[in-house]
Every structure is written in structure tokens, then in C-alpha cells.
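[1] Need a 3D model of the sequence below.
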Amino acid sequence: MEARAYLKYARISPRKVQIVLDLIRGKDAGTAMAILKNTPKAASEYLIKLLKSAIANAENNFGMDVSKLYVSECVVCPGPTLKRMIPRAKGSGDRILKRTSHMTIVLKEKEV
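    Just a heads-up that it's a prediction; the model follows:
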């Protein structure tokens, strides 16, 4: 049995999120939460909320034991890119790409 949580259209680049996800993949839920709270990255804020949601889903929807949960899978995919312009010299303009992310965290219970 597994519990999932999704966060879609987060206004952060997937590359920035991937760095933090690599830190928590395979760790138990309590350790992952401690790592996220002590990681000074912008993605940590989004991932703390997402991990709390996944833990709540596991406990309330599936009746899983919170102390046995671990992060079995965590992925980030690019969402739609917002395209903006910034003025440049001689009346030209450059395109700015504001990237978004879709994040997923999957928790499973450890088999003891």
C-alpha cells in the first residue's frame, strides 16, 4: 500500500526542486522532514508542505503507521512555462521563461 501527494503548478524551476528531492529519496518520513527543515533552499518550503500532506494521507486515508513510513518515490516534472518579455537596447526585447513544476511524493510502510 502507498500514499501519494501531488503539488502542481508550483512557481519554481524543476532543476531547483530536483536537488532537494535527491536528498530525501529513500529516507524515512521523520528524517526527510528534518532534512527539509534544515535545507536552505527555496524548494524546501514547497516540499515540507507536500510531505506533511502525504503523511496525513497515509494516516487518515489508508490507516498506515506514521513511524514506519519512508519516501519510496519522489519526482518532479516540468509544468507549463510562463513566457515574459524584458526590454533591451534599441527597442528589442528578450524572453524570460518563468518555469513551473509538478511534484509528487509517494510514501510506503517499511516491512519489518
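[2] Torsion angles phi and psi at the residue at the greatest distance from the centre of the chain?
    In the chain, the greatest distance from the average C-alpha position (Cα atoms, centre = their mean) is reached by Lys90, at 41.1 Å. Here is the backbone geometry of Lys90 (degrees, to the nearest 10): phi 60, psi 40.
[3] downstream neighbour of the helix or strand hosting Ala34 in the secondary structure list?
    Assigned by DSSP states H and E, Ala34 falls within helix 29-37. Next helix or strand after helix 29-37 toward the C-terminus (DSSP H and E): helix 42-62.
[4] on contacts alone, who are the packing partners of that next one?
    Under the contact definition 3 or more Cβ pairs under 8 Å, 6 or more residues apart in numbering; DSSP states H and E, helix 42-62 sits against strand 2-10, helix 14-24, helix 29-37, strand 69-78, strand 101-109. (C-beta placed from N, C-alpha, C; glycine too.)
[5] Now distance to Asn61, mean neighbour count and mean pLDDT too, for those, in JSON lines please.
    Shown next, in JSON lines, are the helices and strands packed on helix 42-62 (distance: least, Cβ to Cβ, whole Å; neighbours: other Cβ atoms under 10 Å; pLDDT from 0 to 100):
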{"stretch": "strand 2-10", "distance to Asn61": "7", "mean neighbour count": "16", "mean pLDDT": "95"}
{"stretch": "helix 14-24", "distance to Asn61": "21", "mean neighbour count": "17", "mean pLDDT": "95"}
{"stretch": "helix 29-37", "distance to Asn61": "15", "mean neighbour count": "17", "mean pLDDT": "95"}
{"stretch": "strand 69-78", "distance to Asn61": "13", "mean neighbour count": "18", "mean pLDDT": "95"}
{"stretch": "strand 101-109", "distance to Asn61": "11", "mean neighbour count": "21", "mean pLDDT": "95"}
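[6] List the contacts of Gly26.
    Shown in contact with Gly26 (Cβ atoms under 8 Å, 6 or more residues apart in numbering): 70-72.
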